[in-house]
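Enquirer: using only what follows, build the 3D model:
(2 chains)
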Amino acid sequence: MDQTTLVLALLPILIIQLALMIFALVDLIKNPNPNGPKWMWAVLIVVINIIGPILYFVIGRRNY
Amino acid sequence: MKQFSILMQKEWRENIRNYKIYWVPAIFILLGITEPVVNFFLPQILESSGGLPEGAVFEFPTPPPEQILTAVMEQFQTIGLAVLILAYMGTVAGERKSGTATLLYVRPLSFPAYFLSKWVMASAISLVSVWVGFLAGYYYTLLFFDRVEGMELFQMVGTYSIWVLLIVSIIVAASAAMPNGGLAAAVAFAIYLILQLTDGLFGAAWSISPVKLPQYAAAWLADSPDSGSLAGAIGITALIILALLVFGSWISWKNKAKTKV
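Expert: Reported below is the predicted structural model:
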(Lines give C-alpha, C1' and ligand atoms only; values in the text may rest on other atoms or scores of the structure.)
Protein backbone atom coordinates (compact mmCIF):
# COMPACT_ATOMS: atom_id res chain seq x y z
CA MET A 1 0.00 0.00 0.00
CA ASP A 2 1.63 3.27 -1.04
CA GLN A 3 1.64 6.54 0.78
CA THR A 4 -1.26 8.30 -0.94
CA THR A 5 -3.76 5.47 -0.55
CA LEU A 6 -2.73 5.25 3.08
CA VAL A 7 -3.46 8.93 3.60
CA LEU A 8 -6.76 8.58 1.80
CA ALA A 9 -7.65 5.62 3.97
CA LEU A 10 -6.92 7.56 7.14
CA LEU A 11 -8.79 10.66 6.02
CA PRO A 12 -12.22 9.54 7.37
CA ILE A 13 -10.88 9.45 10.93
CA LEU A 14 -9.78 13.05 10.63
CA ILE A 15 -13.06 14.09 9.00
CA ILE A 16 -15.19 12.50 11.71
CA GLN A 17 -13.16 14.10 14.47
CA LEU A 18 -13.32 17.50 12.81
CA ALA A 19 -17.04 17.17 12.15
CA LEU A 20 -17.73 16.30 15.80
CA MET A 21 -15.64 19.25 16.91
CA ILE A 22 -17.32 21.70 14.53
CA PHE A 23 -20.82 20.47 15.40
CA ALA A 24 -20.06 20.91 19.10
CA LEU A 25 -18.46 24.33 18.65
CA VAL A 26 -21.30 25.70 16.53
CA ASP A 27 -23.83 24.46 19.04
CA LEU A 28 -21.81 25.94 21.90
CA ILE A 29 -21.71 29.35 20.22
CA LYS A 30 -25.47 29.29 19.68
CA ASN A 31 -26.20 27.96 23.17
CA PRO A 32 -27.30 30.85 25.43
CA ASN A 33 -27.01 28.88 28.63
CA PRO A 34 -24.47 26.05 28.66
CA ASN A 35 -23.83 24.06 31.79
CA GLY A 36 -20.59 25.76 32.84
CA PRO A 37 -18.43 28.55 31.42
CA LYS A 38 -18.38 28.82 27.65
CA TRP A 39 -14.63 29.22 27.32
CA MET A 40 -14.06 26.05 29.35
CA TRP A 41 -16.27 24.05 27.00
CA ALA A 42 -14.56 25.58 23.97
CA VAL A 43 -11.16 24.50 25.30
CA LEU A 44 -12.42 21.00 26.17
CA ILE A 45 -14.01 20.52 22.75
CA VAL A 46 -10.91 21.60 20.88
CA VAL A 47 -8.22 20.02 23.04
CA ILE A 48 -9.67 16.61 23.93
CA ASN A 49 -10.62 15.00 20.66
CA ILE A 50 -13.67 12.73 20.49
CA ILE A 51 -14.32 12.74 24.25
CA GLY A 52 -14.55 16.55 24.49
CA PRO A 53 -17.43 16.99 22.03
CA ILE A 54 -19.29 14.02 23.55
CA LEU A 55 -18.94 15.44 27.05
CA TYR A 56 -20.27 18.74 25.77
CA PHE A 57 -23.24 17.13 24.02
CA VAL A 58 -24.11 15.04 27.06
CA ILE A 59 -23.33 17.35 29.97
CA GLY A 60 -22.80 20.81 28.55
CA ARG A 61 -26.12 21.09 26.75
CA ARG A 62 -28.13 20.27 29.88
CA ASN A 63 -30.20 17.70 28.11
CA TYR A 64 -29.21 14.66 30.10
CA MET B 1 -51.29 3.51 17.95
CA LYS B 2 -51.96 7.12 16.98
CA GLN B 3 -50.32 8.24 20.20
CA PHE B 4 -47.34 6.03 19.52
CA SER B 5 -46.69 7.49 16.10
CA ILE B 6 -46.97 11.03 17.42
CA LEU B 7 -44.61 10.23 20.27
CA MET B 8 -42.22 8.68 17.75
CA GLN B 9 -42.22 11.93 15.79
CA LYS B 10 -41.40 13.76 18.99
CA GLU B 11 -38.55 11.37 19.76
CA TRP B 12 -37.22 11.66 16.22
CA ARG B 13 -37.19 15.43 16.38
CA GLU B 14 -35.58 15.40 19.80
CA ASN B 15 -32.80 13.09 18.66
CA ILE B 16 -32.07 15.32 15.70
CA ARG B 17 -32.04 18.46 17.81
CA ASN B 18 -29.70 17.10 20.43
CA TYR B 19 -27.45 15.72 17.66
CA LYS B 20 -27.59 12.16 18.98
CA ILE B 21 -28.45 10.98 15.53
CA TYR B 22 -25.06 12.26 14.39
CA TRP B 23 -22.62 11.71 17.17
CA VAL B 24 -23.58 8.24 18.35
CA PRO B 25 -22.96 6.69 14.89
CA ALA B 26 -19.85 8.87 14.49
CA ILE B 27 -18.30 7.40 17.63
CA PHE B 28 -19.03 3.84 16.56
CA ILE B 29 -17.57 4.44 13.10
CA LEU B 30 -14.48 5.88 14.74
CA LEU B 31 -14.18 2.87 17.06
CA GLY B 32 -14.66 0.53 14.12
CA ILE B 33 -11.95 2.23 12.06
CA THR B 34 -9.44 2.67 14.88
CA GLU B 35 -9.02 -0.99 15.71
CA PRO B 36 -7.81 -2.21 12.29
CA VAL B 37 -5.73 0.94 11.80
CA VAL B 38 -3.96 0.60 15.15
CA ASN B 39 -3.29 -3.07 14.48
CA PHE B 40 -1.91 -2.24 11.06
CA PHE B 41 0.44 0.42 12.39
CA LEU B 42 1.42 -1.40 15.58
CA PRO B 43 5.07 -1.98 14.54
CA GLN B 44 5.56 1.69 13.65
CA ILE B 45 3.75 2.85 16.78
CA LEU B 46 5.96 0.73 19.02
CA GLU B 47 9.04 1.91 17.18
CA SER B 48 8.24 5.60 17.46
CA SER B 49 7.05 5.47 21.07
CA GLY B 50 10.61 4.56 21.95
CA GLY B 51 11.92 2.82 25.02
CA LEU B 52 13.22 -0.01 22.93
CA PRO B 53 16.91 -0.91 22.89
CA GLU B 54 18.84 -0.03 19.77
CA GLY B 55 18.53 -2.63 17.08
CA ALA B 56 15.58 -4.45 18.63
CA VAL B 57 13.82 -6.48 16.00
CA PHE B 58 10.23 -7.53 16.23
CA GLU B 59 8.53 -10.18 14.25
CA PHE B 60 4.85 -9.34 14.16
CA PRO B 61 2.60 -12.04 12.88
CA THR B 62 -0.18 -10.47 10.82
CA PRO B 63 -3.31 -10.95 12.90
CA PRO B 64 -6.08 -12.82 11.15
CA PRO B 65 -8.96 -10.54 10.05
CA GLU B 66 -11.38 -12.41 12.32
CA GLN B 67 -9.32 -11.36 15.30
CA ILE B 68 -9.51 -7.71 14.26
CA LEU B 69 -13.29 -7.83 14.00
CA THR B 70 -13.51 -9.51 17.41
CA ALA B 71 -11.34 -6.69 18.76
CA VAL B 72 -13.75 -4.17 17.22
CA MET B 73 -16.56 -5.91 19.09
CA GLU B 74 -14.60 -5.70 22.32
CA GLN B 75 -14.20 -1.96 21.77
CA PHE B 76 -17.97 -1.72 21.37
CA GLN B 77 -18.36 -3.71 24.57
CA THR B 78 -16.39 -1.19 26.63
CA ILE B 79 -16.28 2.27 25.07
CA GLY B 80 -19.36 1.70 22.92
CA LEU B 81 -21.36 0.64 25.95
CA ALA B 82 -20.25 3.73 27.87
CA VAL B 83 -21.28 5.91 24.93
CA LEU B 84 -24.72 4.30 24.78
CA ILE B 85 -25.19 4.77 28.52
CA LEU B 86 -24.13 8.43 28.27
CA ALA B 87 -26.43 9.01 25.32
CA TYR B 88 -29.56 7.45 26.76
CA MET B 89 -29.22 7.69 30.53
CA GLY B 90 -31.47 10.75 30.54
CA THR B 91 -34.00 9.78 27.93
CA VAL B 92 -36.83 9.60 30.48
CA ALA B 93 -35.18 10.97 33.63
CA GLY B 94 -33.83 14.08 31.93
CA GLU B 95 -37.21 14.80 30.43
CA ARG B 96 -38.80 14.73 33.87
CA LYS B 97 -36.08 17.01 35.17
CA SER B 98 -36.24 19.57 32.39
CA GLY B 99 -40.02 19.81 32.54
CA THR B 100 -40.76 18.48 29.07
CA ALA B 101 -42.40 15.53 30.76
CA THR B 102 -44.86 17.79 32.56
CA LEU B 103 -46.23 18.92 29.21
CA LEU B 104 -46.76 15.29 28.28
CA TYR B 105 -48.04 13.94 31.58
CA VAL B 106 -50.87 16.45 31.90
CA ARG B 107 -52.40 14.89 28.80
CA PRO B 108 -54.15 11.53 28.76
CA LEU B 109 -50.92 9.73 27.93
CA SER B 110 -50.59 6.01 27.34
CA PHE B 111 -47.47 5.12 29.28
CA PRO B 112 -46.73 1.91 27.33
CA ALA B 113 -46.79 3.99 24.12
CA TYR B 114 -44.61 6.64 25.78
CA PHE B 115 -42.03 4.17 27.04
CA LEU B 116 -42.10 2.18 23.81
CA SER B 117 -41.44 5.30 21.73
CA LYS B 118 -38.37 6.02 23.88
CA TRP B 119 -37.19 2.44 23.58
CA VAL B 120 -37.74 2.14 19.83
CA MET B 121 -35.87 5.35 19.11
CA ALA B 122 -32.95 4.51 21.41
CA SER B 123 -32.74 0.99 19.97
CA ALA B 124 -32.93 2.19 16.39
CA ILE B 125 -30.11 4.69 16.80
CA SER B 126 -27.96 2.26 18.79
CA LEU B 127 -28.46 -0.57 16.30
CA VAL B 128 -27.75 1.60 13.28
CA SER B 129 -24.64 2.94 15.03
CA VAL B 130 -23.39 -0.56 15.80
CA TRP B 131 -24.07 -1.67 12.23
CA VAL B 132 -22.26 1.21 10.57
CA GLY B 133 -19.45 0.75 13.10
CA PHE B 134 -19.03 -2.89 12.12
CA LEU B 135 -19.32 -1.97 8.46
CA ALA B 136 -16.52 0.58 8.83
CA GLY B 137 -14.43 -1.94 10.75
CA TYR B 138 -15.11 -4.57 8.11
CA TYR B 139 -14.11 -2.25 5.30
CA TYR B 140 -10.85 -1.25 6.97
CA THR B 141 -10.06 -4.85 7.83
CA LEU B 142 -10.57 -5.65 4.17
CA LEU B 143 -8.34 -2.75 3.21
CA PHE B 144 -5.46 -3.44 5.59
CA PHE B 145 -5.67 -7.16 6.20
CA ASP B 146 -7.82 -9.71 4.51
CA ARG B 147 -11.43 -10.40 3.79
CA VAL B 148 -13.90 -12.03 6.15
CA GLU B 149 -16.86 -13.88 4.70
CA GLY B 150 -19.78 -11.47 4.38
CA MET B 151 -22.15 -14.11 5.68
CA GLU B 152 -20.06 -14.64 8.82
CA LEU B 153 -20.03 -10.90 9.48
CA PHE B 154 -23.78 -10.79 8.98
CA GLN B 155 -24.38 -13.60 11.46
CA MET B 156 -22.02 -12.05 13.97
CA VAL B 157 -23.58 -8.60 13.74
CA GLY B 158 -27.06 -10.11 13.96
CA THR B 159 -26.23 -11.99 17.15
CA TYR B 160 -24.51 -8.96 18.63
CA SER B 161 -27.52 -6.76 17.80
CA ILE B 162 -29.67 -8.76 20.20
CA TRP B 163 -27.19 -8.06 22.97
CA VAL B 164 -27.26 -4.35 22.07
CA LEU B 165 -31.06 -4.41 22.32
CA LEU B 166 -30.77 -5.90 25.82
CA ILE B 167 -28.31 -3.20 26.89
CA VAL B 168 -30.52 -0.41 25.50
CA SER B 169 -33.56 -1.88 27.29
CA ILE B 170 -31.66 -1.87 30.57
CA ILE B 171 -30.54 1.74 30.06
CA VAL B 172 -33.98 3.08 29.12
CA ALA B 173 -35.70 1.17 31.94
CA ALA B 174 -33.09 2.47 34.42
CA SER B 175 -33.70 5.97 33.11
CA ALA B 176 -37.43 5.58 33.75
CA ALA B 177 -36.85 4.20 37.24
CA MET B 178 -34.26 6.69 38.51
CA PRO B 179 -34.76 10.35 39.45
CA ASN B 180 -31.89 11.63 37.28
CA GLY B 181 -29.63 10.65 34.43
CA GLY B 182 -26.51 10.18 36.51
CA LEU B 183 -28.16 7.66 38.80
CA ALA B 184 -29.67 5.90 35.79
CA ALA B 185 -26.20 5.56 34.29
CA ALA B 186 -24.83 4.23 37.58
CA VAL B 187 -27.64 1.67 37.89
CA ALA B 188 -27.32 0.54 34.25
CA PHE B 189 -23.58 0.17 34.66
CA ALA B 190 -23.97 -1.70 37.96
CA ILE B 191 -26.43 -4.13 36.36
CA TYR B 192 -24.00 -4.68 33.53
CA LEU B 193 -21.11 -5.33 35.94
CA ILE B 194 -23.20 -7.71 38.06
CA LEU B 195 -24.24 -9.61 34.93
CA GLN B 196 -20.62 -9.92 33.82
CA LEU B 197 -19.49 -10.91 37.30
CA THR B 198 -22.09 -13.62 37.82
CA ASP B 199 -21.34 -14.96 34.38
CA GLY B 200 -17.63 -14.94 35.17
CA LEU B 201 -18.12 -16.73 38.50
CA PHE B 202 -20.82 -19.26 37.75
CA GLY B 203 -21.24 -18.92 34.02
CA ALA B 204 -19.10 -21.87 32.96
CA ALA B 205 -22.03 -24.23 33.28
CA TRP B 206 -24.69 -21.90 31.85
CA SER B 207 -24.55 -22.02 28.13
CA ILE B 208 -27.85 -20.19 27.66
CA SER B 209 -27.11 -16.92 29.44
CA PRO B 210 -27.68 -13.58 27.70
CA VAL B 211 -24.20 -12.45 28.75
CA LYS B 212 -22.77 -15.15 26.48
CA LEU B 213 -24.30 -13.52 23.38
CA PRO B 214 -21.17 -11.49 22.48
CA GLN B 215 -19.09 -14.67 22.77
CA TYR B 216 -21.49 -16.48 20.48
CA ALA B 217 -21.36 -13.53 18.09
CA ALA B 218 -17.57 -13.80 17.96
CA ALA B 219 -17.84 -17.57 17.53
CA TRP B 220 -19.58 -17.08 14.17
CA LEU B 221 -16.28 -15.86 12.77
CA ALA B 222 -14.33 -18.97 13.73
CA ASP B 223 -16.97 -21.58 13.10
CA SER B 224 -20.56 -21.57 14.29
CA PRO B 225 -21.68 -21.45 17.94
CA ASP B 226 -23.71 -24.28 19.38
CA SER B 227 -27.11 -23.61 17.82
CA GLY B 228 -29.08 -24.99 20.78
CA SER B 229 -27.49 -22.72 23.35
CA LEU B 230 -27.55 -19.77 20.94
CA ALA B 231 -31.30 -20.18 20.43
CA GLY B 232 -31.77 -20.54 24.18
CA ALA B 233 -29.72 -17.41 24.89
CA ILE B 234 -31.69 -15.44 22.30
CA GLY B 235 -34.98 -16.70 23.75
CA ILE B 236 -34.06 -15.74 27.29
CA THR B 237 -32.81 -12.35 26.13
CA ALA B 238 -36.08 -11.70 24.31
CA LEU B 239 -38.01 -12.59 27.48
CA ILE B 240 -35.85 -10.25 29.58
CA ILE B 241 -36.31 -7.42 27.06
CA LEU B 242 -40.08 -7.97 27.16
CA ALA B 243 -40.05 -7.93 30.95
CA LEU B 244 -37.97 -4.73 30.92
CA LEU B 245 -40.47 -3.09 28.56
CA VAL B 246 -43.36 -3.94 30.87
CA PHE B 247 -41.38 -2.83 33.91
CA GLY B 248 -40.35 0.39 32.18
CA SER B 249 -43.91 1.32 31.23
CA TRP B 250 -45.08 0.60 34.77
CA ILE B 251 -42.26 2.51 36.50
CA SER B 252 -42.58 5.53 34.22
CA TRP B 253 -46.29 5.60 35.09
CA LYS B 254 -45.49 5.22 38.79
CA ASN B 255 -42.86 7.98 38.69
CA LYS B 256 -45.00 10.46 36.82
CA ALA B 257 -45.50 12.57 39.95
CA LYS B 258 -41.74 13.13 40.17
CA THR B 259 -41.70 15.45 37.19
CA LYS B 260 -40.56 19.03 37.86
CA VAL B 261 -43.11 21.71 37.14
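Enquirer: residues contacting B:Trp250?
Expert: Neighbouring residues of B:Trp250 by Cβ atoms under 8 Å, 6 or more residues apart in numbering or on different chains: B:Phe111. Backbone N, C-alpha and C define where each C-beta goes, glycine included.
Enquirer: got phi/psi on it?
Expert: phi -70, psi -40 (degrees, to the nearest 10).
Enquirer: pLDDT at it, what is it?
Expert: B:Trp250 is assigned a pLDDT of 94 by the prediction.
Enquirer: quick one: it from B:Thr102, how far?
Expert: According to Cβ to Cβ, to the nearest Å, B:Trp250 and B:Thr102 sit 20 Å apart.
Enquirer: same thing with B:Phe134?
Expert: In terms of Cβ to Cβ, B:Phe134 sits 40 Å off from B:Thr102.
Enquirer: more neighbours: the two, which one.
Expert: B:Phe134 (24 against 14; other Cβ atoms under 10 Å in any protein chain shown).
Enquirer: count of residues packed around the closest residue to B:Phe111 other than its chain neighbours?
Expert: Distances taken as Cβ to Cβ, 6 or more residues apart in numbering or on different chains place B:Trp253 nearest to B:Phe111, at 4.1 Å, with adjacent residues excluded. For B:Trp253, the neighbour count with other Cβ under 10 Å is 16.
Enquirer: B:Trp253 against B:Ser110, yeah?
Expert: No: contact criterion Cβ atoms under 8 Å: B:Trp253 and B:Ser110 do not qualify, at 9.5 Å.
Enquirer: so which bits of whichever strand or helix holds the residue nearest to B:Phe111 are buried?
Expert: Using DSSP states H and E, B:Trp253 maps to helix B:227-254. Within helix B:227-254, the residues that qualify as buried by neighbour count (16 or more other Cβ atoms under 10 Å in any protein chain shown) are B:230, B:232-234, B:236-237, B:241, B:244-245, B:248-253.
Enquirer: so how far is it off the chain centroid?
Expert: Centroid displacement of helix B:227-254 relative to its chain, using Cα atoms, centre = their mean, to the nearest Å, is 15 Å.
Enquirer: which helix is the longest one in chain A?
Expert: helix A:3-30 (DSSP state H).
Enquirer: flag every residue of chain A that's near chain B.
Expert: A:1, A:9-10, A:12-13, A:16-17, A:19-20, A:23, A:27, A:50, A:53-54, A:57-58, A:61-64 (Cβ under 8 Å from any Cβ of the partner chain).
Enquirer: if any of those are buried, put those into a ChimeraX selection.
Expert: Per 16+ other Cβ under 10 Å, the buried members of those correspond to this ChimeraX selection:
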select /A:9,13,16,20,23,27,50,53,54,57,58,61,63,64
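Enquirer: specify which member of the buried residues of helix B:227-254 is nearest to chain A.
Expert: Distances from chain A to the buried residues of helix B:227-254, taken as Cβ to the nearest Cβ, are shortest for B:Ser252 (17.0 Å).
Enquirer: ok, for that closest one, nearest residue in space, not its chain neighbours?
Expert: B:Ala176 (4.1 Å).
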